[in-house]
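Participant: can you look at this prediction? I've put the sequence above it.
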Amino acid sequence: MIRITLTAILASLTLAALPARAQDEDGPASPAGRAPVEQVSVRSLAEGKPMLTGYLFKPSAAAGKAPAVVLMHTKDGAYSSRSGGDYRATTLTPRFKFWGQYWASRGYYVLLVDSYGARGFPQGFGDTPVRDRPASVDDVDVRPLDAYGALQYLRALPEVDGDRVGLMGFSNGGGAALATMADDKPGDMRKLGFRAAVALYPGCVLKKRFDKKGYTPYAPVRVFMGGADKGASPTACKALVDRSRKAGGDIELTLYDSVGHGFDEPGRKTQSVELNAKATADVRNRAALFFERALASR
């Protein structure tokens with residue numbers, strides 16, 4: 001299904017040249033900047049082309065056309081559990097506020113896509129097993145098409161260099177990022193797709209889609225997760241990455257010993273754990289260097 005859909009939508013891209021919910025109970029996010037945030041509408045390239053809500057963080061001092069990053073949220077959605085049904089930029093989770101500001105402070109436009117709200121699930125799925133979640137939010141078949149819709153949106157902005165767009169996903173969104181970057185799509189994705197991707201503690205089973213033929217990304221991918229992760233499988237991710245590298249894939253896995261799921265949550269409770277703080281500082285630095293190199297002008 002995704003192959004057929006992507007055949008149609010890639011033409012438009014060419015024309016457009018800790019459990020995660022604990023993040024809301026962890027205290028305020030550490031500020032990374034004060035970039036303005038605009039709520040925007042992003043048309044997914046999934047079946048029916050639904051209109052999704054996005055949050056665009058704008059760099060304050062970008063010289064010329066700037067690079068950009070698309071963010072894909074966790075299974076708990078984009079919003080704080082304390083939002084009280086008020087879904088907007090101010091009620092995003094501390095994690096996504098942080099990363100939006102983090103990249104914007106480094107000169108990137110940042111687009112966080114809410115894959116769930118417009119489909120009727122703004123607060124996500126909590127402990128609901130993957131098999132029991134609606135097909136409309138599938139992280140392998142559907143959410144990659146949300147990511148490509150976001151890419152198309154950014155490429156239409158005159159301030160953005162459409163050739164320098166990266167992708168970053170977290171947990172379920174990390175799995176969606178991996179699926180997005182898979183070299184199983186028609187067309188030259190090195191020109192049509194994202195330039196690079198970062199996946200934090202992703203689900204790497206990916207519905208077993210790549211068990212037979214293997215997983216090879218069409219652009220560089222970096223995966224970061226804790227070795228003690230109980231929300232995603234480090235073993236599955238290591239197997240996926242090892243097999244991909246043997247096939248020539250530009251993909252690397254960084255494992256942090258004794259660190260669990262969602263270690264980058266910026267609140268005091270999570271970051272007061274020394275191993276979490278060290279892993280968080282490391283992933284911020286490594287991701288920044290990776291995108292600086294991978295999204296450089298060419």
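Facilitator: Good, I have the coordinates.
Participant: verify the contact between residue 176 and residue 140 for me.
Facilitator: Yes. The pair residue 176 / residue 140 is scored as a contact, 7.3 Å apart, by Cβ atoms under 8 Å. Placement of C-beta: from N, CA and C, glycine included.
Participant: neighbour-wise, which of those two wins?
Facilitator: In this view residue 176 and residue 140 are compared by other Cβ atoms under 10 Å, and residue 176 has more residues nearby, 32 against 21.
Participant: hmm, who's touching the helix or strand harbouring that one?
Facilitator: Here residue 176 sits within helix 172-180, counting by DSSP states H and E. Here helix 172-180 makes contact (Cβ atoms under 8 Å, 6 or more residues apart in numbering) with 71-75, 115, 139-140, 143-144, 146-148, 167-169, 193-194, 197-206, 209, 215, 217, 221, 223, 232, 240.
Participant: so for that helix, mean pLDDT?
Facilitator: The average pLDDT within helix 172-180 is 97.
Participant: same for the helix or strand just after that helix, what does it pack against?
Facilitator: Proceeding C-terminally, helix 172-180 gives way to helix 189-192 as the next helix or strand, assigned by DSSP H and E. Where contact means 3 or more Cβ pairs under 8 Å, 6 or more residues apart in numbering; DSSP states H and E, helix 189-192 is packed against helix 2-15.
Participant: inside strands: which ones of the contacts of helix 172-180?
Facilitator: 71-72, 167-169, 197-200, 221, 223 (DSSP state E).
Participant: for residue 215, what are its contacts?
Facilitator: 178, 182, 206, 240, 243-244, 249.
Participant: against residue 181, how distant is it?
Facilitator: Distance, residue 215 to residue 181, by Cβ to Cβ, to the nearest Å: 9 Å.
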